[in-house]
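> Curious how this folds, go ahead:
(chains A and B)
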Amino acid sequence: MTTITMPTRSAPSGPVEPRWTYPKVASVVGAVILAVLWLVPLLWALDTSLKPEPETTRAPITWLPQAPTVEAYRSVIEQGDLIRWFLNSTVVSVLVTGLTLVVSVLAAYGFSRTHFPGRRVLFGLMIAGILVPPQVLIVPLFQEMTGLGLVDTYWGIVLPQVVAPVMVFVLKKFFDGISRDYEDAARVDGAPRWRIVWSVMVPMSRPILVAVGIFTFIGAWNNFLWPFIVTTDPSMMTIPVGLANVQGSYGLRYAQIMASAVLGGLPLLIVYALFQRHVVRGVGDAGIKG
Amino acid sequence: MAVQTPPRALSTTRPAAPKPGAGRPWMERWGGLFFVAPFLLLFAVFLVWPTINGFWNSFFNTSLAGVKQEFLGLQNWREMFGDPAVWSSLKNTLVFTAMSTPPLVIVALVMALLANRKGLLGWLLRFSYFAPFVLPATVVTLIWVWIYQPGFGLVNGLLTSGGFAEIDWLNTENRAMLAVVITTVWWTVGFNFLLYLAALQGIPAQVYEAAAIDGANGRQQLFRITLPLLSRTTGLIVVLQLVASLKIFDQIYLMTNGGPNYATRPIIQYIYQSGFTSYRIGYASAISYLFFAIIVIVSVAQFKLFSGRRDAA
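Numbering: from 1, shown residues only, chains lettered A, B, ... in the order given. Below is the predicted model of the structure:
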């Protein structure tokens, strides 16, 4: 690159370029077209779910329902286990998120701030654990769960998901960046270490904890493979696993299938819409630093 | 809000800081282990142990009940290397990875360049691009199976109304994988998009101001400044995406069940079928380890590539 001479005058007051140039308009149009393309499948699902059943299979497709109805939603809720799956997904996701945060924060603090024999070896082992794809473990883990009697239980679904070496790694790196002065001061005051974690480290790393929490929650809510393996009883299934069976059980009732898809996807879309700022920043933090 | 008292300065008139645990050398030496212990316990029970146990199982003829029946030595491994289903499912996994990775990187980059703006439009763009990522695999596949439906699905409805022949996407051997790739790009590109967006927002505005003063136009700024500065992020995204694509299972299992005629069955589905449909735990474990080895090789190779590049920079 050519050498750049820094301007000596103060910050420019106006925009450097004219406001609406051809490339700028083109980029807005392109962005909007892409956004529409990405939204169409979601809107099409919503659209289908509001049609009366016969209209969904009409040969030239209709864009908007001619007689919108929530009939499909009513029958899906009445006939299925959807409410139960919702409850299961909520319990599982909350437990996974809460336990992952507590366990990972403690471990990250231990690896970042304390010294005990074997610490480096254990940390290395944990890093190696990041490489193990959960998919490789489904068979032996299922055997283990059978042995422990945890098949078709919440703990069976939850506990393997709490092991998140990546989260410990990300948090440990973050803790490494926090100045020790704060905790030294707290230690002078005689605070025990576990209180330091709670009253110094946690408040200082709130943004990254929020990000880790949101991603753990989304991951747990959406996890398909492990709950699919470890649950056989429909009353213990989570939303993703339960919905995998609806295609068969509803037959070719597309309005109902789409109604259950909308209901299954809506909670996370709402969570995302509310926390978009945290999600966007969280991906940046975890991705760039991790 | 947690109330946080401001840290006190160390230079008070107090005597030297009493070492916590002073007089308890055992606590001072081993106390840290307590913080790590809960994680380590779960890590050992639900990750290390099944990893070892799976490897061990691959040398036995084990049933799903977990009773080790007979020692087979390397027989599972020998059978695996001669099993055409292993190679075809491995090939499908690699084909999916090769087809899905480029669009998942390029579309993400385009999206980030387009959506890097403030205000309501920026918010709406970010929402649209990332929204599918927060949906469960099942919701995604229910929607897309419906979209690909012959007769009255959205895609075929548009094709026929445009005068084209309709395609039975999910039941045609050389179309099914493409259909899965399109669905996957729609579903997961948002994550890469956010990684790019974070990197873009990390580029200081002065760089562009200086370039503009030097007379660089928009296209020059894009190709001479933005893209070169994003190259490290691109490397990271490619690494993450390759490993994620190799782990393909959910969408294919839910959309085509590996069909038609096993044309889309990925290696993880073959592991699943060997273990939970044929009840051949030992054999499934051997294939798991083949897959594991591939993931490790790819990860380590890319890690080396990466750290090498960083040293050079």
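> what about the longest helix in chain A?
helix A:254-289 (DSSP state H).
> Can you list the buried residues in that one?
Neighbour-count burial for helix A:254-289, counted by 16 or more other C-beta atoms under 10 Å in any protein chain shown, picks out A:254-265, A:267-269, A:271-272, A:275, A:278-287. Yep, even glycine has a C-beta here, placed from its N, CA and C like the rest.
> The residue of the stretch 101-250 of chain B found nearest chain A and A:G156, how far apart?
The stretch 101-250 of chain B approaches chain A most closely through B:A198 (2.8 Å), counting by C-beta to the nearest C-beta. B:A198 sits at a distance of 36 Å from A:G156 (criterion: C-beta to C-beta, to the nearest Å).
> Which parts of chain B are strands?
Using DSSP state E, the strands of chain B run over B:60-62, B:68-71.
> Is it possible to get TSV of those strands that adds mean neighbour count?
Below are these laid out as TSV (neighbours: other C-beta atoms under 10 Å in any protein chain shown):
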stretch	mean neighbour count
strand B:60-62	21
strand B:68-71	12
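> Show me the one of those strands that comes nearest B:P132.
Of all the strands of chain B, the one in closest proximity to B:P132, counting by C-beta to C-beta, is strand B:60-62 (39.6 Å).
> Can you list the neighbours in contact with that closest one?
Residues outside strand B:60-62 that contact it (C-beta atoms under 8 Å, 6 or more residues apart in numbering or on different chains) are B:K68, B:Q69, B:E70, B:F71, B:L72, B:N76, B:I281, B:G282, B:S285.
> Check those residues one by one and keep those near chain A.
B:I281, B:S285 (C-beta under 8 Å from any C-beta of the partner chain).
> tell me the two of the contacts of strand B:60-62 that are most distant?
B:E70 and B:S285, at 14.8 Å, using C-beta to C-beta across those.
> thinking again about what came up before, neighbour count winner among B:A198 and A:G156?
Ranked by neighbour count (other C-beta atoms under 10 Å in any protein chain shown), B:A198 and A:G156 place A:G156 first, with 23 against 20.
> Check the offset of the helix or strand containing the more buried one from the chain's centre.
A:G156 belongs to helix A:154-162 when assigned by DSSP states H and E. Distance, stretch centre to chain centre, for helix A:154-162: 16 Å (C-alpha atoms, centre = their mean, to the nearest Å).
> Check stretch B:286-306 too.
On C-alpha atoms, centre = their mean, the centre of stretch B:286-306 falls 14 Å from the chain's centre.
> Contacts for that stretch, please.
Residues contacting stretch B:286-306 (C-beta under 8 Å, 6+ apart): A:131-133, A:135-137, A:139, B:54-55, B:58, B:76-77, B:79-80, B:86, B:90, B:235-236, B:238-239, B:242-243, B:246-247, B:267-268, B:270-271, B:274.
> Among these, which lie within helices?
A:139, B:54-55, B:76-77, B:79-80, B:86, B:90, B:235-236, B:238-239, B:242-243, B:246, B:267-268, B:270-271, B:274.
> Drop anything exposed from those residues.
By 16+ other C-beta under 10 Å, these give A:139, B:54-55, B:76-77, B:79-80, B:86, B:90, B:236, B:238-239, B:242-243, B:246, B:267-268, B:270-271, B:274 as buried.
> Per-residue pLDDT of B:V296, please?
The per-residue pLDDT reported for B:V296 equals 90.
> Kindly report the same for the one 4 residues further on.
B:V300 is assigned 85 on the pLDDT scale.
> For it, the count of nearby residues, please.
So B:V300, with other C-beta under 10 Å, has 11 neighbours.
> which residues does the nearest residue to B:F43 once chain neighbours are set aside contact?
Nearest non-adjacent residue to B:F43, counting by C-beta to C-beta, 6 or more residues apart in numbering or on different chains: A:V163, 5.3 Å away. Listed by C-beta under 8 Å, 6+ apart, the contact set of A:V163 reads A:G129, B:F39, B:L42, B:F43, B:F46, B:L47.
> between these, which is nearest A:L150?
Closest approach to A:L150 among those (C-beta to C-beta): B:F46, at 10.4 Å.
> who does whichever strand or helix holds A:F142 touch, helix- and strand-wise?
Using DSSP H and E, A:F142 maps to helix A:138-148. Judged by 3 or more C-beta pairs under 8 Å, 6 or more residues apart in numbering or on different chains; DSSP states H and E, the packing partners of helix A:138-148 are helix A:154-162, helix A:225-230, helix B:49-57, helix B:267-276, helix B:281-312.
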